[in-house]
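Asker: have a look at this prediction, sequence included:
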Amino acid sequence: MNISQSIKNIREKTSQSNNQAFRNPWALGILGIMVTFVTVNVIFIVVAFVTNPGLVVEDYYEAGRAYEKNALKMLAATQNTRNWETKLDMTSELFIGQKNAIRFTAVDQRGMPVDKAKVQLVAYRPSDADADIMASMKEIAPGLFEAVVAFPLKGIWDVNIKLQQGNNKYELAKRISVKQ
């Protein structure tokens, strides 16, 4: 058998005129594209379930509607009627694992400190619910509250301060960045 005969046999086996489907290059190409498409989608689905941060609330629709109805009422009732002046103090550069003192001050419209209040600090990462931090802030002086917090991960954090004095409530939110 010579070389030209061998090439002719190979071309006949893999040509478009061959009736056997898995010898046709077009059929093999389409099959390869379909297998690649299905494999990539399976990988995306597995990664989505494995790395889910769990940030979606189960009753998200009802929670959103309740927030929408009450947000402006709560804001007007809590912030404007009392005229409290508040301030959040923390170091300008925060680093992973470093203990940082976060201080919160609150005074009323007469300049008197808001004391005997329950103040809660909540720090959460928008991308990772497992790293959330909750701490009660201790009153170290009248109207001055402090919590010492060490952030375990670098990146963006949302810090929320929730103050409650009897029936009066106040909330303050600030976005911060933690460096390596």
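Answerer: Here it is on my side, so go on. Numbering: from 1, shown residues only.
Asker: just the CA atoms of the lengthiest strand in the chain, as PDB, please.
Answerer: Ranked by number of residues, the top strand in the chain under DSSP state E is strand 128-141. The C-alpha trace of strand 128-141 is given here as PDB (Å, rounded to 0.1, in the frame of the first residue of the first chain):
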ATOM      1  CA  ASP A 128     -19.200  37.400  53.500                       C
ATOM      2  CA  ALA A 129     -21.900  36.900  56.100                       C
ATOM      3  CA  ASP A 130     -19.700  34.500  58.100                       C
ATOM      4  CA  ALA A 131     -17.300  37.400  59.100                       C
ATOM      5  CA  ASP A 132     -20.000  39.600  60.700                       C
ATOM      6  CA  ILE A 133     -19.100  41.200  64.100                       C
ATOM      7  CA  MET A 134     -21.500  42.200  66.800                       C
ATOM      8  CA  ALA A 135     -20.400  43.900  70.000                       C
ATOM      9  CA  SER A 136     -22.100  45.900  72.800                       C
ATOM     10  CA  MET A 137     -20.500  49.300  73.300                       C
ATOM     11  CA  LYS A 138     -19.700  50.100  76.900                       C
ATOM     12  CA  GLU A 139     -20.400  53.600  78.300                       C
ATOM     13  CA  ILE A 140     -17.000  54.900  79.400                       C
ATOM     14  CA  ALA A 141     -18.300  58.400  80.100                       C
END
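Asker: quick one: strands adjacent to that strand?
Answerer: strand 118-125 (antiparallel), strand 144-150 (antiparallel) (DSSP bridges).
Asker: report the buried residues of the longest one.
Answerer: If I follow you right, that is strand 118-125. Residues of strand 118-125 classed as buried under the neighbour-count rule (16 or more other Cβ atoms under 10 Å) are Val119, Gln120, Leu121, Ala123, Tyr124, Arg125. The way it works is simple: take the backbone N, C-alpha and C, and place the C-beta from them, glycine included.
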